[in-house]
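**Student:** have a look at this prediction, sequence included:
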Amino acid sequence: MTRPIIVFDLDGTLIDTAPDLLDSLNHSLAAGELPAVDEAGFRRFVGHGGRVMIERAHAAQNKALMAEEHDRLLKLFLDHYTINIPGKSRPYPGVVAALDRFRAAGYLMAVCTNKYEANSVALIGALGLENYFAAICGQDTFAFRKPDPRHLTETIKLAGGDPNTAVMVGDSQTDIDTAKAAGVPVVAVDFGYTDRHVREFEPTLVISHFDTLTPELAERLIAAAR
Ligand SMILES: O=C(O)COP(=O)(O)O
Ligand SMILES: [Mg+2]
């Protein structure tokens with residue numbers, strides 16, 4: 001029988017990357033002569049990767065962004081971010097213990113993120129978490145990305161799992177929409193990066209700490225979804 005699988009979003013779910021993303025975003029925006037973004041702005045712009053974050057920061061200032069300038073600022077963002085990995089980014093409280101519980105219970109684990117794959121692999125490796133995951137799939141791993149449900153279902157398949165015995169854990173509307181469209185139950189953490197409360201997007205369940213996330217809970221969610 002296929003092992004059950006738990007798939008995690010990365011930024012704002014497993015790892016608190018906000019300080020570093022914000023630093024790199026502001027480094028890039030400064031080169032484009034845009035004012036720095038604060039924490040609240042960051043929450044509005046994050047969720048679809050660096051390119052969209054830069055685009056949204058420009059839109060918020062009613063500033064036009066030509067394709068070439070967009071490419072230039074994205075490169076500055078990515079170079080700054082990549083060089084600084086892991087920076088101040090750390091797993092949220094209880095993450096490592098939760099990963100250990102799921103591993104002990106025989107679960108497959110994977111990451112499905114709108115970060116670039118190389119940065120995701122580098123960050124997870126720098127924090128010593130790479131051995132937990134059977135697959136780490138970023139926005140450029142396939143020809144589609146969240147909220148396209150295939151980003152999640154293909155991540156599950158690549159990890160050796162089955163979407164019928166899967167749970168997703170995320171922090172944003174993007175994750176919740178993705179999982180729902182894939183028919184996968186979704187647990188939302190309420191401490192990540194969203195400008196509206198995750199409850200509004202109607203996930204299967206909301207949790208406030210990884211201590212609550214157990215294999216028994218995941219089993220119940222998978223059974224209820226069938
Ligand atoms: O970095 C982003 O914009 C989103 O990343 P996430 O999908 O891991 O939350
Ligand atoms: Mg996220």
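**Tutor:** Sure thing, it's come through. This one's a predicted model, so the numbers in the text were calculated from it and none came from an experiment. Ligands and ions are numbered 1, 2, ... in the order given.

**Student:** right, and ligand 2 sits closest to which residue of the protein?
**Tutor:** Gly12 (3.8 Å; CB to the ion). (Glycine included, C-beta is placed from N, CA and C.)

**Student:** report the contact partners of that residue.
**Tutor:** In this structure, Gly12 makes contact with Ala18, Val46, Asp171, Ser172, Val189, Phe191, Gly192, Tyr193, Thr194, judged by CB atoms under 8 Å, 6 or more residues apart in numbering.

**Student:** does the residue nearest to it when sequence neighbours are not counted sit in a helix, a strand or a coil?
**Tutor:** Leaving out its chain neighbours, the residue that sits closest to Gly12 by CB to CB, 6 or more residues apart in numbering is Gly192, at 3.0 Å. Look at Gly192: counting by DSSP: H, G, I helix; E, B strand; the rest coil, its state is coil.

**Student:** tell me, how many neighbours does Gly192 end up with?
**Tutor:** Other residues near Gly192 come to 23 when the count uses other CB atoms under 10 Å.

**Student:** can you tell me how far it sits from Pro163?
**Tutor:** 23 Å (CB to CB, to the nearest Å).

**Student:** what do you get for Ala126?
**Tutor:** Counting by CB to CB - Ala126 and Pro163 are separated by 30 Å.

**Student:** of these two, give the one with the bigger neighbour count.
**Tutor:** Pro163 (19 against 13).

**Student:** near ligand 2 at all, stretch 42-62?
**Tutor:** No. Judged by CB under 5 Å from the ion, stretch 42-62 stays clear of ligand 2, getting no closer than 6.3 Å.
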